[in-house]
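[1] following is a predicted model, sequence given first.
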Amino acid sequence: MNSATVYGLSIIAVSGILQGSVLSPMKYLRKWPFENIWLLYSTYAYLVLPWVFALATIPHLISTFEHTSTATMERTLLFGVGWGLAVVTFGLGCELLGLAIGYAIILGLGACVGSLVPLIGQHRDQLFRRAGLGTIAGVALLVVGVILFSIAGKKRDDFRLRSESDSSKNNDQGGAKPTFVLGLVICVACGVLSPLINIAFAYAKEIQDQAIFFGAAPANSANAVWVLVANAGYLPSLCYCILLLKRNESWKRFSWKTEPYWFLTPLMGLMWISGTVLYGMGAIRIGQLGPTIGWPVVMSMMVLTANFWGLLGGEWRGAGGTAIRLATSGLVTLIVAMFVLGWSNSL
């Protein structure tokens with residue numbers, strides 16, 4: 001592995017740690033429902049902070065957009081809206097399945113789609129060469145890791161359900177709520193849509209070239225892409241949160257004495273945009289296969305980080321030995337996949 005690849009992957013690893021930590025503060029915001037938290041978080045993460053980073057690093061941002069073709073701008077914004085739909089379901093999926101399982105399923109599937117689409121669409125000539133085959137092998141390992149995590153999550157919930165049933169047999173619950181099944185469906189849908197942000201990055205080279213032409217450093221040129229994708233992706237979150245705030249009459253929760261909440265939600269937003277910016281910097285340093293190699297690596301690091309926080313938060317407490325062993329196997333598989341993907345870029 002050459003030094004540029006190692007440096008790029010290191011930056012991407014830090015990006016994954018930041019993004020894998022984004023939702024962890026939600027566990028400490030119990031006085032607010034999902035819509036209150038998500039409205040503030042998404043406003044900072046997807047609307048405000050991308051402009052702050054872009055304006056600080058792209059000398060002539062508006063000129064960059066003005067000299068980019070309409071087709072590229074429209075395509076980037078459209079990808080952003082699709083990714084924004086995934087963003088909404090991301091929070092819901094993790095609420096139902098927990099951080100560990102939710103991140104594993106969503107990001108594992110997202111890694112597969114986000115890697116293979118740029119590889120097939122932009123580097124088809126590499127598909128059956130060693131680099132392409134190595135990438136496919138890494139993605140296949142990711143699929144195995146996701147399957148192991150999915151089974152582990154089902155085993156965990158079944159074990160807990162049996163334990164609760166044994167301790168309260170006289171409590172007629174009329175059957176268990178299909179929380180896992182619903183959460184799994186939501187997470188799979190999110191996993192298919194979530195890599196649209198990486199696909200937008202892979203197909204927005206014209207925007208990056210224009211940013212460089214107007215004086216931006218190459219490593220920062222992706223920030224011009226992120227501001228478009230994030231702002232377009234903000235719309236689904238905004239609409240969904242407003243709908244829930246009206247339906248649940250939860251606007252009044254903003255007036256409660258919850259001062260720390262107004263600090264933690266911007267912190268969540270800062271972690272997301274910082275991780276996104278670092279991902280762009282790392283992928284650019286890797287080279288032409290940056291979006292193909294970098295995307296599954298950042299996804300894997302996010303899964304590992306989310307599982308760390310999930311473990312600290314007690315999500316695997318009382319899960320049963322079988323579930324723990326399957327989850328551990330899934331983690332090991334994801335780590336191996338990450339190394340395989342990094343190795344494939346040096347072939």
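    Yes, it's here.

[2] next SSE downstream of the helix-or-strand element of the chain with minimal mean pLDDT?
    The helix or strand of the chain with the poorest confidence is helix 99-122; it has a mean of 71 (mean pLDDT, DSSP states H and E). Next in sequence after helix 99-122, counting helices and strands by DSSP states H and E, comes helix 130-167.

[3] gap between the residue nearest to residue 55 when sequence neighbours are not counted and residue 81?
    Excluding its sequence neighbours, the residue lying closest to residue 55 (CB to CB, 6 or more residues apart in numbering) is residue 61, at 5.9 Å. Bear in mind the C-beta positions are built from the backbone N, C-alpha and C, glycine included. For residue 61, the distance to residue 81 equals 21 Å [CB to CB, to the nearest Å].

[4] for residue 163, the count of nearby residues, please.
    12 (other CB atoms under 10 Å).

[5] surely residue 264 is in contact with residue 27?
    No - using CB atoms under 8 Å, residue 264 is not in contact with residue 27; the gap is 10.4 Å.

[6] the two: which is more packed in?
    Using other CB under 10 Å as the criterion, residue 264 and residue 27 rank with residue 264 on top: 18 against 14.

[7] next helix or strand past the helix or strand where that one lies?
    Following DSSP H and E, one finds residue 264 within helix 261-286. Using DSSP H and E, the next helix or strand after helix 261-286 towards the C-terminus is helix 290-312.

[8] that following helix: which residues count as buried?
    Within helix 290-312, the residues scored as buried using 16 or more other CB atoms under 10 Å are 290-310.

[9] buried residues of stretch 31-45, list them for me.
    Going by 16+ other CB under 10 Å, stretch 31-45 has these buried residues: 32, 34-45.

[10] got the CA coordinates for that stretch in CSV?
    Extracted in CSV, the C-alpha atoms of stretch 31-45 (Å, rounded to 0.1, in the frame of the first residue of the first chain):
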residue,chain,number,x,y,z
LYS,A,31,-37.0,14.7,27.1
TRP,A,32,-37.3,15.4,23.4
PRO,A,33,-39.0,13.1,20.8
PHE,A,34,-37.2,12.1,17.6
GLU,A,35,-38.7,15.1,15.6
ASN,A,36,-37.3,17.8,18.0
ILE,A,37,-33.9,16.3,18.0
TRP,A,38,-33.7,15.6,14.3
LEU,A,39,-35.0,19.1,13.3
LEU,A,40,-32.2,20.9,15.1
TYR,A,41,-29.5,18.3,14.3
SER,A,42,-30.4,18.3,10.5
THR,A,43,-30.6,22.1,10.4
TYR,A,44,-27.0,22.4,11.7
ALA,A,45,-25.6,19.3,9.9
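
[11] got the contact list for that stretch?
    22, 26, 29, 87-88, 91-92, 95, 230, 234, 237-238, 240-242, 244-245, 248, 250, 253-254, 256, 258, 261-262, 265-266, 268-270, 272-273 (CB atoms under 8 Å, 6 or more residues apart in numbering).

[12] filter those residues down to the buried ones.
    Buried residues within these, defined by neighbour count using 16+ other CB under 10 Å: 22, 26, 29, 87-88, 91-92, 95, 230, 234, 237-238, 240-241, 244-245, 250, 253, 258, 261, 265-266, 268-270, 272-273.
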